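> Here you go, sequence then predicted model.
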Amino acid sequence: MPRRCLFICLVLVVLASLVACCSAEEGEPGVSGVAIQNVGSDTIVNLALAWAEAYQGKYPEVRIAVTGGGSGTGIAGLINGTVDIANASRQMKPEEIEKAQANGITPVEHVIASDAIAIVVHPSNPVDRLTLQQLSDIFSGRITNWSEVGGEDRPIVLLSRESNSGTHVYFLEEVVRLGDKENKTLFSPETLLMPSSEGISAEVRQNPNAIGYDGLGYVTPDQKTIAVAASPDDPYVQPSIDTVNEGTYPISRDLYMYTAGEPEGAIAEYLAWIRSPEGQVIVGELGFVPLGSGGE
Amino acid sequence: MKEVPKRPRVQTALVEYLIERLIRVTGVLVILFLALIFLFLVREGSATFIEVPVGDMIRTRWYPNEEYFGLLPLVLGSLIITLGSAVLSVPLGLLTAVFIAEVAPRWMREILKPFIEVLAGIPSVVLGFLGMLVVSPLIREWLGAPTGLTALAGSVMLGYMALPTIISVAEDALDAVPKSYRDAALALGATRWQTIWRVTVPAARSGILTAMMLGVGRAIGETMAVMMVTGNAARMPLTLGSFLMPVRTMTATIAAEMGEVAQGSTHYHVLFAVGLVLFLVTFAINLIAAWAIFRQGKRYGRLLS
């Protein structure tokens, strides 16, 4: 919760400075200030804020306003032309690209980091390992009791992010559907859709029946992560920066930023800095996986 | 020592005329705004009925990412929570109103009334927090529900929110009953309880019905607290046990999904259609209430005159 508060404060500060900068710009056109609107994935929002803060410390003339809301929100903004950089924890869907092109915008994709999706349960839950198939059965509602996967006789309560979250879409495609494009399995209708990552961790912390998923950067020590195996013959692996780098943890993905057309000027410099070693150090500090650190 | 100049008669008439017009215009504006809101919803939502067959909309699966646009779980979700909150808040609210208006000594009334009005001022997000962190764990531990984020938690929070409205409005209605009614009942030998139950409450019935409708109206349109405590799972709440299961309401769906949709997409239109349904349901409730009040008013008017 303090992190979320900090985030809100930061957004306010950034917005305030943005307003100040804009009015200054109107007053004296000589003093140039560049404002970048950076909106999207809640998974990336803390990372994007840390980047924006560090970058503005170095280049005070650039103002970066970071807002969350979900990958879909950022991409919708990019399509409508209100956002300079859209953060997304999934790739753009073909129909979204079509819509952008209909608006005269060609979205360009930039991979900026990697992330592992951790499966989290209450610390008292005796289950500590699951296969992808078991996870798929659990989240599609075929397995409804913990005793079926070696736990206590308790009902399973499924927690998911809202459907506008990139994490939700990624989890549906790679875990519930096991990466099979033809597979039309859906989340069980009993799945609780939480409006935020905080909602998921709050429920996992206090409910021994709950199972949820979230980006590795959001897992707090009072939640228990599950070791996951791609198939029953494979080793069960705990999510961590090392296991993602080695490519052994099966549920990991790239994180993206999208720009309208090839980036120019301040936006291009900012993206280049993000992908530089200096920007990537921050990635590691926040629990995400830096680019080019192996595993590819 | 200045004398207030007398206004010429023509000027008074002009002022009267202007004020009368102004009042009339504001009255008409309210209706105009309502009509415009309705038109806006219809304009944005009507494309739904071309893009999505009505048969698909009365299905039981809501998953707009994959073009499942079944509205039934959302409509029933809103209704079950409203029903639950009404069951909790109406009796409690009425009894409190009766207590404050008829039973409580004066000093207690002076304390209770402002406190209840303060209750109405608590922001719904704060109540949502309370529900998420206090009420829902209690529901899970005491009632054995798999999770505390349930329709019951939503009903409790909404019932709590509706209480101040119900109490204040009902109390005003009871207060407006002429003292002569009570005196007459007591003079005829009725006990205090008989007076309250047979005379005062029936005489204030139309005001009490308004109180209930305002309370229920607040419940069905409430969004934030509901989104935080009901779990938002789009399942069909068909049995009584559904109170101990999560539900997804129309309001929470619009709030959670509106930010994501691209303008002009099917999903966008469907969300407006959901808004339209919500509007119509609220409108129907108000209409029924107005009709009930009208009917009651006529009947009691005869009875009491």
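Okay, I see it.
> Tally up the residues packed near the residue lying closest to A:Pro155 once chain neighbours are set aside, please.
With sequence-adjacent residues excluded and distances taken as Cβ to Cβ, 6 or more residues apart in numbering or on different chains, A:Pro155 is closest to B:Pro146, at 4.1 Å. Where C-beta positions appear, they are placed from N, C-alpha and C, glycine not excepted. Number of residues near B:Pro146 (other Cβ atoms under 10 Å in any protein chain shown) recorded here: 20.
> Shouldn't B:Pro146 be within a strand?
No - the assignment for B:Pro146, made by DSSP: H, G, I helix; E, B strand; the rest coil, is coil rather than a strand.
> That one: what's it in contact with?
Contacts for B:Pro146 (Cβ atoms under 8 Å, 6 or more residues apart in numbering or on different chains) come out as A:154-157, A:209, B:140.
> would TSV of those with neighbour count and pLDDT be doable?
Listed next are the contacts of B:Pro146 as TSV, based on neighbours: other Cβ atoms under 10 Å in any protein chain shown; pLDDT from 0 to 100:
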residue	neighbour count	pLDDT
A:Arg154	16	92
A:Pro155	13	93
A:Ile156	23	94
A:Val157	27	93
A:Asn209	21	93
B:Arg140	24	90
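> Residue numbers of the stretch 151-296 of chain A in contact with chain B?
A:154-157, A:162-164, A:169, A:172, A:184, A:186-187, A:189-195, A:199, A:202-203, A:206-207, A:209-210 (Cβ under 8 Å from any Cβ of the partner chain).
> Now, the residues you listed that are in helices?
If you go by DSSP state H, these have A:169, A:199, A:202-203, A:206 in helices.
> which of the residues you listed lies closest to chain B?
Closest approach between these and chain B, by Cβ to the nearest Cβ: A:Gln206, at 5.6 Å.
> how close does the closest one get to B:Ile139?
A:Gln206 sits 12 Å away from B:Ile139, going by Cβ to Cβ, to the nearest Å.
> Tell me which of these two has more neighbours.
The residue with more neighbours, out of A:Gln206 and B:Ile139, is B:Ile139; 21 against 18, by other Cβ under 10 Å.
> Touching stretch B:33-48 from outside, list them.
Outside stretch B:33-48, the residues that touch it by Cβ under 8 Å, 6+ apart are B:57, B:69, B:266, B:268-270, B:272-273, B:275-276, B:279.
> What ranges does chain A have for its strands?
A:34-40, A:62-67, A:85-88, A:107-121, A:129-131, A:157-161, A:192-194, A:210-215, A:224-225, A:227-229, A:252-260 (DSSP state E).
> Looking at those, which is nearest to B:Glu171?
Checking these against B:Glu171 by Cβ to Cβ gives strand A:192-194 as the closest, at 38.4 Å.
> partners of the closest one, with directions?
Counting by DSSP bridges, the strands paired with strand A:192-194 are strand A:157-161 (parallel).
> Put the alpha carbons of the partner strand into PDB.
What follows is strand A:157-161 as a C-alpha-only set of coordinates in PDB (Å, rounded to 0.1, in the frame of the first residue of the first chain):
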ATOM      1  CA  VAL A 157     -10.900 -19.500  -4.800                       C
ATOM      2  CA  LEU A 158      -9.600 -18.100  -8.100                       C
ATOM      3  CA  LEU A 159      -8.200 -14.600  -8.300                       C
ATOM      4  CA  SER A 160      -7.400 -12.800 -11.500                       C
ATOM      5  CA  ARG A 161      -6.700  -9.300 -12.700                       C
END
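> Quick one: residues contacting the closest residue to A:Ala260 other than its chain neighbours.
Leaving out its chain neighbours, the residue that sits closest to A:Ala260 by Cβ to Cβ, 6+ apart is A:Ile105, at 4.5 Å. For A:Ile105, the contacting residues are A:78-79, A:81, A:260-261, by Cβ under 8 Å, 6+ apart.
> Which one of the ones in helices among the residues of the stretch 151-296 of chain A next to chain B sits in the busiest neighbourhood?
A:Glu203 (25 neighbours).
> Look at that residue and report its pLDDT.
pLDDT for A:Glu203: 89.
> In this structure it contacts A:Gly212, no?
Yes - counting by Cβ atoms under 8 Å, A:Glu203 touches A:Gly212, with 7.1 Å between them.
> Common neighbours of these two, please.
Residues touching both A:Glu203 and A:Gly212 (Cβ under 8 Å, 6+ apart) are A:159, A:194.
> Point out where chain B drops to low pLDDT.
Across chain B, the ranges flagged by pLDDT under 70 are B:1-7, B:260, B:296-305.
> In it, which helix is the longest?
The longest helix of chain B (DSSP H) is helix B:266-304.
> Going by neighbour count, list what's buried in stretch B:196-212.
Buried residues in stretch B:196-212, defined by neighbour count with 16 or more other Cβ atoms under 10 Å in any protein chain shown: B:196, B:199-212.
> Is there a neighbour count for B:Phe40? I'd like the number.
Around B:Phe40 there are 13 other residues, counting by other Cβ under 10 Å.
> Surely it forms part of a strand?
No - with three-state DSSP as the criterion, B:Phe40 is assigned helix and is not in a strand.
> still on that earlier bit, any idea how far chain B is from the residue nearest to A:Ala260?
A:Ile105 sits 12 Å away from chain B, going by Cβ to the nearest Cβ, to the nearest Å.
> For chain B, list the residues in contact with chain A, please.
So chain B meets chain A at B:60-61, B:63-66, B:68, B:73, B:132-133, B:137, B:140, B:146-149, B:227-228, B:231-236, B:245-246, B:248, B:256-257, B:259-263, B:265 (Cβ under 8 Å from any Cβ).
> Report the buried members of the residues you listed.
Applying 16+ other Cβ under 10 Å to the residues of chain B next to chain A, the neighbour count classes B:61, B:63-65, B:73, B:132, B:137, B:140, B:146-149, B:227-228, B:231-236, B:245-246, B:248, B:256-257, B:260-262, B:265 as buried.
> Relative to chain B, which residue of the stretch 101-250 of chain A is the closest?
Using Cβ to the nearest Cβ, the single residue of the stretch 101-250 of chain A nearest to chain B is A:Asn164, 3.2 Å away.
> ok, now which ones touch that residue?
A:69-73, B:256-257, B:259-260.
> quick one on the thing from earlier: now, which of the buried ones among the residues of chain B next to chain A lie within helices?
B:73, B:137, B:140, B:227-228, B:256-257.
> Can I get these in JSON lines including distance to A:Ser231?
Output for these, formatted as JSON lines (distance: Cβ to Cβ, whole Å):
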{"residue": "B:Pro73", "distance to A:Ser231": "35"}
{"residue": "B:Pro137", "distance to A:Ser231": "37"}
{"residue": "B:Arg140", "distance to A:Ser231": "35"}
{"residue": "B:Met227", "distance to A:Ser231": "38"}
{"residue": "B:Met228", "distance to A:Ser231": "38"}
{"residue": "B:Ala256", "distance to A:Ser231": "35"}
{"residue": "B:Glu257", "distance to A:Ser231": "35"}
